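S.K.: Return a 3D structure for these sequence lines:
(one chain, ligands or ions: 3)
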Amino acid sequence: MAVAKVIVDLALDKEFDYLIPEHLADRIKVGTMVSVPFGRSRREGYVLSLAEHPDYEGRLKPISAICETRAHVPEQLVKLGRWMAEYYCCSQEQSIRTLLPAAVRSGRIRHKIRRLYRIADVEAAQRFIAGNSEKPGAALRVALLKALLAHGAKSSDGLKALTASFSQSALRTLIRHKIVETVDEIVRRDVFGDSTVLPSKPLPPSPDQRKALELIADMLRGKSASHVLLLHGVTNSGKTEVYLQAIADALSLGKSAIVLVPEISLTPQTVRRFRARFGDRLSILHSRLSDGERFDEWNRINDGEVAIAVGARSALFAPFRNLGLIIVDEEHESSYKQSEAPRYSARDVAVMRGKLENAAVILGSATPSAESVRNAATGKFLLARMASQVDNKLAPHIRIIDQRLAGPPEPGRSNVFSKPLVDAVFDRMNRGEQSILFLNRRGYARVMICEECGFEARCPDCSVAYTYSKLHETLTCHLCGGVIEAYSVCPQCGSPRIRYAGVGTEKIESIAGAVFKPARIARMDSDTMRGADDYETVLEKFRRGELDILIGTQMIAKGLHFPNVTLVGLINADLGLAMPDFRAPERTFQLITQVAGRAGRGDIRGEVFIQTGNPENETIRYAANLDFDGFSKFDLEFRELLDYPPFSHLIAVHFRGEDETRLVDYATAFTAELQRYAHDQIKLAGPSPAPIERIKGKFRYMLIIRGRKLRILRQALRVLVLHRTPPAGIEVYADVDAQSLL
Ligand code: ADP
Ligand code: ZN
Ligand code: ZN
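M.R.: Numbers count the residues shown, from 1 in each chain. Ligands and ions are numbered 1, 2, ... in the order given. From the prediction side, this is the model:
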């Protein structure tokens, strides 16, 4: 008896046994999409595994049919999906879903078809031409046949171009007489358009690059102790060139490659670099693809028409059959963690996919995560370092400026910019160079405070202060998007003495306008960059030198390459350190390093000013000294002391609901039940209110699980989260290896 275990397309976490009918036996594989009887109806589902004998004891129903026109999940990915469901405590169904893009899964998108015409019977065609070439009534048909004989299969547009007087009815007559026939050809939607890219050749590697490439060559040939390499190289040290040559090596072995980059780095420049080396053997998977394009790209990969996929997180599931290499660039980026179910980390799943499919994995970063540094230190990963920039350029000169020394501002003045920074910006303007001013605004934008009674304007649905926008005279909640008109008098005491405290990019921009007159200034943050083109427009202006100063948030921290920028100022560099999260120092270090890297990309050495009210802080000092190793040692010691990852695993269980009492009751009972599966190496903390206590009117509680040997606990947690229905109005989910603890 042959049995298939099928996951039915419902939000269930359960497999059902079905008999495989004789006539389908050799076509049903793991990952095949089938239609099955389910209760009184018929459902579609995916085969997750095959077995000799059923686990179900009742009478089995047979699979009705294979869904012929629908995409099937490649067998090797099904295994990965099962692991994800177990590890990340999500349902099998949610996990299988992420393996196929929605455009492919839905079955609604079809191949784009082009109809071609070709000669069906060469002799008949030649006879027709010979017998009719003098007859004016047959001239159109003769012309068509001549064109098709000379040029092979053609579309009707092609024929129109080839014949002086094209006629559809003449064509139909020829088809009716079986002299011409039609063929349908699949055409891929063209994502590159007509844009062409000049090809590039591999550059002779530097000694550091050669070392990295040798390690990779061994990994690709299965000759090394680990299948993962941490490529730790400063910005501009030539990591991307290593990726390109590693991919070429994988291709030479007949294998394919996946390159993951953070969505924000998937810029036209990046795409051009890959296309220049690999031409159209490349598929680019970005978020702006239409459903049709996404469908086609998936099929191009699935049918082996391309060998390389470059894309954000979900490109990890590109359906290659002979995967040789996965590259995760900027492996420390928290955007690799998906914030909805399944809450997987693309970096960690990449390591697992590499293991399951015997593919090498390269994790690249200038500021690798504590997790990867630790894995390299214990020998779980190989390590290659590239400490200097390709052209041996000097790293920027970094100064810490104590913002407190400025003292309280004079009335009507501001001390947002310190004197040295102001002088430095003017200096650049006089020399025709450019400056970037960076502010990590998150949560520190201006809030409305009443000077009379101390009232602070807060969103009634979320437990955070409203952010004030001077431009719109509004108060906005950044969590739920709620907007109200700014108060002119205090809603609590009626006083007009309203003050706006804190500094956001918008305020910085208006102060900069006054301080740096007559500078040409632009601001980039999620408030000003609404449309898809806004970003490119501002950057283009900046590139052409039509702006002196660019002000922005995280959005401008990454990857921008402007040789004329010789000064970067970080305002309130320590703000991120105040976040209630054990990764705050790591994030701050990464951010300062990244932002500092925007200065001095050209011939002139860059200068960076870090303004902070916290100049003694270790993280800021290490960052200013560009001392990654010093910081990493400091950070790892702190984490080891407090038993945080990577020295333990961390799972956050979130509870949400509008009725706080019932929510706490449920979370407490849940925790007590889970506690029974814990042992002395596991700590459960909570349930307690999350740092952001309410969002959109829902209370948020969190249980933090930390420890080692979590297997049994994880299984129990999975059952509690997925198979236990909480009381109405309460939601529960687990976030395994949580990146955000807010
Ligand atoms: P990263 O990815 O580490 O920032 P890149 O690979 O982008 O570094 O390299 C930075 C610059 O140096 C690029 O312009 C690249 O073309 C150039 N480059 C990289 N490797 C070499 C090499 N071996 N010889 C000459 N130029 C190189
Ligand atoms: Zn809100
Ligand atoms: Zn008041």
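S.K.: can we go C-alpha only for contacts and neighbour counts from here?
M.R.: OK.
S.K.: Most proximal residue of the stretch 201-350 of the chain with respect to ligand 2?
M.R.: With distances taken as CA to the ion, the stretch 201-350 of the chain approaches ligand 2 most closely at S339, which sits 18.9 Å away.
S.K.: secondary structure element for M429?
M.R.: helix 419-431 (DSSP states H and E).
S.K.: Could I get the full set of helices for the stretch 551-700 of the chain?
M.R.: With helices called from DSSP state H, counting those that start in this stretch, the stretch 551-700 of the chain shows them at 584-596, 618-624, 628-642, 660-675.
S.K.: Dump those helices into TSV; add distance to S740 as well.
M.R.: Below are the helices of the stretch 551-700 of the chain laid out as TSV (distance: least, CA to CA, whole Å):
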stretch	distance to S740
helix 584-596	10
helix 618-624	19
helix 628-642	16
helix 660-675	20
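S.K.: for those, which one sits closest to L382?
M.R.: Go through the helices of the stretch 551-700 of the chain one by one with CA to CA and the one that ends up closest to L382 is helix 628-642, at 16.9 Å.
S.K.: tell me which residues in the biggest strand by length in the chain are buried?
M.R.: Scanning the chain for the longest strand, with DSSP state E as the assignment, gives strand 682-695. Taking 16 or more other CA atoms under 10 Å as the neighbour-count basis, strand 682-695 is seen to contain the buried residues I682, K683, L684, G686, P687, S688, P689, A690, E693, R694, I695.
S.K.: do the same with stretch 364-379
M.R.: Of the residues in stretch 364-379, those buried (16+ other CA under 10 Å) are G364, S365, A366, T367, P368, S369, A370, S372, V373, R374, N375, A376.
S.K.: Can you tell me the SS state at I398?
M.R.: Applying DSSP: H, G, I helix; E, B strand; the rest coil to I398 yields a three-state assignment of strand.
S.K.: any idea how far ligand 1 is from it?
M.R.: Taking CA to the nearest ligand atom, to the nearest Å as the criterion, I398 is separated from ligand 1 by 20 Å.
S.K.: go on, N617?
M.R.: Distance, N617 to ligand 1, using CA to the nearest ligand atom: 28 Å.
S.K.: Neighbours of that residue, how many?
M.R.: By the criterion of other CA atoms under 10 Å, N617 has 13 neighbours.
S.K.: Quick check: pLDDT value at it.
M.R.: You'll see N617 listed with a pLDDT of 87.
S.K.: Could you do the one 10 residues further on as well?
M.R.: Predicted confidence (pLDDT) at D627: the value is 93.
S.K.: going forward can the numbers begin at 43, since that is how I track them
M.R.: Okay, using 43 as the starting number, the last item reads as D669.
S.K.: From the buried residues of stretch 406-421, which land in strands?
M.R.: Here DSSP E is the test, and the buried residues of stretch 406-421 give G406, S407 as lying in strands.
S.K.: Report the contact partners of G346.
M.R.: Residues touching G346, when contacts are defined by CA atoms under 8 Å, 6 or more residues apart in numbering, comprise F362.
S.K.: Run through the residues that contact V50.
M.R.: Contacts of V50 by CA under 8 Å, 6+ apart are E57, F58, R85, E86, G87, Y88, E135.
S.K.: my guess is P538 contacts C532, does it?
M.R.: Yes. At 6.2 Å, P538 and C532 qualify as touching, with contact defined as CA atoms under 8 Å.
S.K.: Isn't A709 up against P729?
M.R.: Yes. Here A709 reaches P729: they are 6.2 Å apart, a contact under CA under 8 Å.
S.K.: Residues that sit against both of the two, list them.
M.R.: Y743.
S.K.: okay, the residue nearest to L365 when sequence neighbours are not counted: pLDDT?
M.R.: The shortest distance from L365 to any residue that is not its chain neighbour, by CA to CA, 6 or more residues apart in numbering, is 4.8 Å, and that residue is S298. At S298 the predicted local distance difference test score is 97.
S.K.: I'd like to know the beta-bridge partner residues of D226.
M.R.: R157 (DSSP bridges).
S.K.: give me the number of residues near it?
M.R.: 12.
S.K.: how about stretch 747-757 as CSV, C-alpha atoms only?
M.R.: As requested, C-alpha coordinates have been extracted for stretch 747-757 and formatted as CSV (Å, rounded to 0.1, in the frame of the first residue of the first chain):
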residue,chain,number,x,y,z
ILE,A,747,12.1,32.0,27.3
ARG,A,748,15.9,31.7,27.5
GLY,A,749,18.1,28.7,27.7
ARG,A,750,19.7,25.7,26.2
LYS,A,751,18.4,22.3,25.2
LEU,A,752,15.0,23.7,24.2
ARG,A,753,13.8,20.8,22.1
ILE,A,754,11.2,19.4,24.4
LEU,A,755,10.0,22.8,25.5
ARG,A,756,9.7,23.9,21.9
GLN,A,757,7.5,20.9,21.1
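S.K.: Kind regards, and thank you for your time.
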